[in-house]
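*Asks:* this one's structure only:
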Ligand SMILES: Cc1cc2nc3c(=O)[nH]c(=O)nc-3n(C[C@H](O)[C@H](O)[C@H](O)COP(=O)(O)OP(=O)(O)OC[C@H]3O[C@@H](n4cnc5c(N)ncnc54)[C@H](O)[C@@H]3O)c2cc1C
């Protein structure tokens, strides 16, 4: 019993410490903005959020997510977040599925035209 | 038509959460990009007139806002606020569009719709091998928002953002004839045929133009801004810690004749610079008022002709600028505060016990690369006073004393130096203005410190008691309802500005384009 508890604790700690957020941002672009009240690092930027279950096909890089809602046709920022729930799903499905949270900000429409 | 999404709102706040403020309606207008550029611009003008009409009919106030980067309540109005950053058309002009008496070259003249942000303008100009002449320490404000409060950097001999604006397209009411193109009679920019594309009534008048330039959001809706750019250039930046007395002497005199910034020289530089005795393009002094250190970090930036392989020689400046401490003042403080997250007393102790770090690495880059994105989006305050540069040391002493003796206040000071503006209500009104600013983290009553309002009041009183004439940056925190403040700062120009405003706006429209901020400073 004690060993089981110990294993669960280790698993929890390992999973929690493997929750992370990564952000990519174009340095010479302008994000689409909005009037928001948050204090988030993306505050003031119009971000869209997608929580997705990624299957093996995608994990192997054989498929694409399509982003349809950038009117400018390009992205400014992408944030990739793994969550504890997502990791749990990964473990339960033996690596077949993984849940990820993605937030992205489009490039401001018309910002590059003269 | 341009389309507007209108939301019922209860609250609104600035980027750095200096509110919240109450609000009824929030308009967000989007361009119709299926039309030609002129048609799209004119459709937006029609939509703006419609929104002004709705406010007028409801007997309510209306206020365009930009990126809400102002920390004062200047962008707020309790009734209807209009979000403008999606209005971002850009126009280059040809030789034949320039006025016959214009001193400007067509290749340098551009019209930007109000909601273009500074970085966007810089990137667009870069495509034409052009650059803005200066801007603030970062780049997210809209062009209309910048000129409305008089945004400046530390471009000693250049001036502020409004100082390279040479024409304004204003919407001052609900009727087609309320769409106005205003420029100086003494320095016209665009000819009548070109202006006809925007269906504007033309006014060429120096005084009216200078009054409207820093218009506090209250001279009508700025729909378009015509500005003069220049050939692309590079900025060579380095922060040096120099003796406090030398830094303050440079501040008081702006005489760099005998000064050597000791820039590290890069042997690969195609034109190795010698900056001894040269007045820098940009001069900014950082001060931790809690620690009487013998040296101060000073940001020196020199202007250089553009050469394409600068990044091979000096590295890409952006990753460096993103890491550096001495950038935007609030960023400097936040980098300090990282060691003591969330604790105001610990931050103050840290400031008392730390010396300002060195940052010797030189970088070279374009204007937008050196004054790159603001990174901090949390709660902050900023107070900024303009004094004649000859008073800079004295004013710094007075303001530091208030901060230390009546505080402590969780912030640090910087001084930037800017050439005089022709705008009637510009905070850079002295021949060379020293903008002394303190930026910091907001605190709570429970931290046991005096309130921000009280702090500001005491700073105003201290400058008055010491007979130091001053202005205050319109976009920063202050005790704006301090009795007679606007008159104290600008004297007769206050009445002149009001009269010129009455020339531009009907009495009804003066009401529509007023807000509590304007009431507080007795300019409505
Ligand atoms: C991170 C940060 C860094 C800063 N750095 C500097 C700096 O280096 N130098 C400096 O001087 N200031 C600086 N400031 C202050 C800020 O740049 C100014 O207050 C600026 O005016 C904000 O521009 P905005 O587009 O956000 O306009 P807002 O704050 O939204 O509005 C400012 C004013 O402009 C008016 N306005 C906006 N659009 C229009 C329009 N279309 N027609 C008529 N009126 C309009 C509004 O009504 C309001 O009165 C900084 C602020 C922040 C948050």
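*Replies:* Received, thanks. Here the structure is a predicted model, which means the values were calculated and not measured.
*Asks:* quick one, helices of chain A?
*Replies:* A:2-17, A:56-59, A:84-92 (DSSP state H).
*Asks:* how about the helices in the stretch 151-300 of chain B?
*Replies:* Listed in chain order, the helices found in the stretch 151-300 of chain B under DSSP state H, counting those that start in this stretch are B:192-196, B:206-213, B:244-253.
*Asks:* for the first one, which outside residues touch it?
*Replies:* Around helix B:192-196, the neighbours that count as contacts under C-beta atoms under 8 Å, 6 or more residues apart in numbering or on different chains are B:93, B:96, B:97, B:98, B:181, B:202. The C-beta positions use only the backbone N, C-alpha and C, and glycine is treated the same way.
*Asks:* can you tell me which of those residues is nearest residue B:408?
*Replies:* Of all the contacts of helix B:192-196, residue B:181 has the smallest distance to residue B:408: 50.3 Å, by C-beta to C-beta.
*Asks:* contacts only, for the closest one.
*Replies:* B:167, B:168, B:169, B:170, B:190, B:195, B:198, B:200, B:201, B:202, B:203.
*Asks:* can you flag the buried ones in the residues you listed?
*Replies:* Burial by neighbour count, 16 or more other C-beta atoms under 10 Å in any protein chain shown: within the contacts of residue B:181 this picks out B:167, B:168, B:169, B:170, B:190, B:195, B:198, B:200, B:202, B:203.
*Asks:* now the fourth one. Nearest residue, chain neighbours left out?
*Replies:* Yep, that's residue B:170 we're talking about. Take residue B:170 and drop its neighbours on the chain: the residue closest to it by C-beta to C-beta, 6 or more residues apart in numbering or on different chains is residue B:220, 4.4 Å away.
*Asks:* close to chain A: what parts of the stretch 101-250 of chain B are there?
*Replies:* Counting by C-beta under 8 Å from any C-beta of the partner chain, the stretch 101-250 of chain B comes close to chain A at B:116, B:117, B:119, B:120, B:123, B:124, B:127, B:128, B:140.
*Asks:* in stretch B:74-87, what counts as buried?
*Replies:* B:74-77, B:79-87.
*Asks:* now do it, average pLDDT.
*Replies:* Averaged over stretch B:74-87, pLDDT sits at 98.
*Asks:* same thing with stretch B:401-417?
*Replies:* Rounded mean pLDDT across stretch B:401-417 is 95.
*Asks:* give me the distance between the two termini of it.
*Replies:* End-to-end distance for stretch B:401-417, by C-alpha to C-alpha, to the nearest Å: 21 Å.
*Asks:* the contacts of residue B:181 in strands, which ones?
*Replies:* Among these, the members found in strands (DSSP state E) are B:167, B:168, B:169, B:170, B:201, B:202, B:203.
*Asks:* just flag the most distant two among those residues.
*Replies:* Among these, B:167 and B:201 lie farthest apart (C-beta to C-beta), at 13.5 Å.
*Asks:* low-confidence regions, chain A specifically.
*Replies:* Applying pLDDT under 70 to chain A flags residues A:1-18.
*Asks:* re earlier: just give me the closest of the contacts of helix B:192-196 to residue B:348.
*Replies:* residue B:181 (51.4 Å).
*Asks:* wait, what's in contact with the closest residue to the closest one other than its chain neighbours?
*Replies:* Among residues not flanking residue B:181 along the chain, residue B:200 sits closest, at 3.8 Å (C-beta to C-beta, 6+ apart). By C-beta under 8 Å, 6+ apart, the contact set of residue B:200 is B:169, B:179, B:180, B:181.
*Asks:* sorry, back to before: need the max-distance pair from the buried ones among the contacts of residue B:181.
*Replies:* B:170 and B:190 (14.3 Å).
*Asks:* which stretches of the stretch 401-524 of chain B form strands?
*Replies:* For the stretch 401-524 of chain B, the strands defined by DSSP state E, counting those that start in this stretch cover B:411-419, B:432-441, B:471-472.
*Asks:* scratch that, chain A is what I was asking about
*Replies:* A:21-25, A:47-55, A:75-82, A:97-106.
*Asks:* to residue B:290, which of those strands lies closest?
*Replies:* Residue B:290 lies closest to strand A:21-25 among the strands of chain A, at 33.8 Å (C-beta to C-beta).
*Asks:* how far off centre is the closest one?
*Replies:* A distance of 8 Å separates the centroid of the chain from that of strand A:21-25, by C-alpha atoms, centre = their mean, to the nearest Å.
*Asks:* thanks a lot, catch you later.
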